[in-house]
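model the structure of this input:
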Amino acid sequence: MTTRDATPPAATTPRSVRLERPSDHVAELVLDRPEALNAISTAHARAIGAACAELTDDDRVRVVLLTSTSDRAFSVGADLKERRGMSTEQLLQQRQVTRTAYRGVLGLSMPVVAVVEGYALGGGFELALACDLIVASTTATFGLPEVGVGIVPGGGGTQLLTRRLGYNAAADIILTGRHLDAAEAKSYGIVDRLTEPGAARTVAAELADRLASRSPVAVRQAKIAMRHGLDLPLAEGLQIEERAWENAISSADRVEGVAAFVEKREPRWG
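As a prediction, this is how the structure comes out:
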């Protein structure tokens with residue numbers, strides 16, 4: 001993969017989050033609040049939501065990398081310094097902004113790969129869980145410590161972690177609020193690919209290139225089938241798969257993919 005695009009971020013994306021284009025069909029959503037270890041303030045959450053809106057409207061993007069400029073942390077979660085002294089009403093107002101950010105990542109139609117070096121705690125861990133795949137180095141530490149400060153994971157953690165691990169394993173993490181090192185997270189299946197320190201982005205970039213080389217229509221339809229069918233009875237899930245299959249075979253990608261296979265060449269997706 002080529003080096004990061006030095007083009008300044010779009011004006012609609014606030015400074016604490018940047019959108020970069022490391023290659024033609026890969027976008028990088030960069031968490032860039034290193035002085036606070038990417039603690040998620042109201043402004044930072046709003047920036048994440050805005051970036052996701054930009055990505056949703058960009059048909060060129062086939063894969064998104066979610067990265068951090070800090071080697072010490074992907075994100076340490078909610079900005080508790082900002083929240084200190086907030087009234088319940090103010091927290092409920094802030095909730096609308098943070099919910100948009102988390103659901104923005106979760107709702108992206110293309111594959112999203114989280115790149116984790118250092119801490120991914122609380123809302124930071126939940127941002128990673130909202131992605132399709134997590135690439136982490138051995139420096140990574142994961143946890144949902146919310147119960148220790150009198151709150152509940154609210155960025156999807158209670159649902160996304162339980163779906164990844166099952167109830168008992170998720171309960172052991174969420175109800176204790178304990179931290180997991182990278183090796184334990186890999187053994188649980190939280191981390192999909194584990195790397196040496198400093199190598200997570202390189203490995204994730206190679207993965208992104210591979211994902212981007214597949215049919216964008218087929219990849220998006222497969223993601224829809226998996227995401228939407230996850231919690232449905234098998235018969236209903238198979239119906240969703242059927243619709244995804246029909247959408248894929250009706251596309252120009254199917255024609256090009258078959259032609260490329262027969263002609264023994266790389267496909268040229270539209």
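
touching, Leu106 and Leu127? I think so.
No: under the criterion of C-beta atoms under 8 Å, Leu106 lies out of contact with Leu127, with a separation of 9.3 Å. C-beta here means a position set from N, CA and C on the backbone, and glycine is covered the same way.

more crowded one of these two?
Residue environment comparison for Leu106 versus Leu127 gives the larger neighbour count to Leu127, 30 against 20, counting by other C-beta atoms under 10 Å.

quick one, strands of the stretch 1-150 of the chain?
For the stretch 1-150 of the chain, the strands identified by DSSP state E, counting those that start in this stretch occupy 17-23, 26-31, 63-68, 73-75, 112-116, 119-121, 133-137, 141-143, in order along the chain.

roughly how far does Ile240 sit from Ala130?
20 Å (C-beta to C-beta, to the nearest Å).

which positions within stretch 180-197 qualify as buried?
180, 182, 185-186, 188, 190-195 (16 or more other C-beta atoms under 10 Å).

can you check stretch 68-86 too?
For stretch 68-86, burial by neighbour count (16+ other C-beta under 10 Å) applies to 68, 70, 73-79, 82-83.

strand 63-68 and the helix or strand that Asp209 is a member of, what's the angle between them?
Taking DSSP states H and E as the definition, Asp209 sits inside helix 200-213. Note on geometry: by axes from the mean of the first three to the mean of the last three C-alpha atoms, to 10 degrees, helix 200-213 and strand 63-68 are set 170 degrees apart in direction.

tell me the mean pLDDT for helix 200-213?
Helix 200-213 comes out with an average pLDDT of 98.

and it, what does it pack against?
strand 17-23, strand 26-31, strand 63-68, strand 112-116, strand 133-137, strand 193-195 (3 or more C-beta pairs under 8 Å, 6 or more residues apart in numbering; DSSP states H and E).

need the ones you listed in TSV (columns: distance to Val152 and mean pLDDT).
Compiled in TSV, the helices and strands packed on helix 200-213 are given as follows (distance: least, C-beta to C-beta, whole Å; pLDDT from 0 to 100):
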stretch	distance to Val152	mean pLDDT
strand 17-23	25	95
strand 26-31	23	98
strand 63-68	23	98
strand 112-116	22	98
strand 133-137	22	98
strand 193-195	29	98
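
out of those, deepest packed?
When neighbours are counted by mean count of other C-beta atoms under 10 Å, the highest per-stretch mean among these falls to strand 112-116, a mean of 29.

show me the domain layout of the chain.
The chain resolves into domains spanning 17-213, 216-263 when parsed by automatic domain parsing.

which one of these is the most hemmed in?
domain 17-213 (a mean of 20).

start to end distance for it?
With C-alpha to C-alpha, to the nearest Å applied, domain 17-213 spans 26 Å between its terminal residues.

how far off centre is it?
6 Å (C-alpha atoms, centre = their mean, to the nearest Å).

looks like Trp63 contacts Ala212 (just checking).
For the record, residue 63 is Val, not Trp. Yes: with the criterion set as C-beta under 8 Å, Val63 and Ala212 qualify as a contacting pair; they are 4.9 Å apart.

what is in contact with those two at once?
Overlap between the contact sets of Val63 and Ala212, as judged by C-beta atoms under 8 Å, 6 or more residues apart in numbering, is given by 25-26.

hmm, back to that, Arg265 is nearest to which of the helices and strands packed on helix 200-213?
strand 17-23 (20.3 Å; C-beta to C-beta).

who does the closest one pair up with?
The partner list of strand 17-23 in its sheet, established with DSSP bridges, is strand 26-31 (antiparallel).

and the angle for the strand it pairs with with strand 112-116?
Angle, strand 26-31 to strand 112-116, by the same axes, to 10 degrees: 50 degrees.

what comes into contact with strand 26-31?
Contacts to strand 26-31, defined as C-beta under 8 Å, 6+ apart, come from residues 1, 4, 16-22, 38, 44, 48, 51-52, 55, 58, 61-70, 74-75, 205, 208-209, 212.
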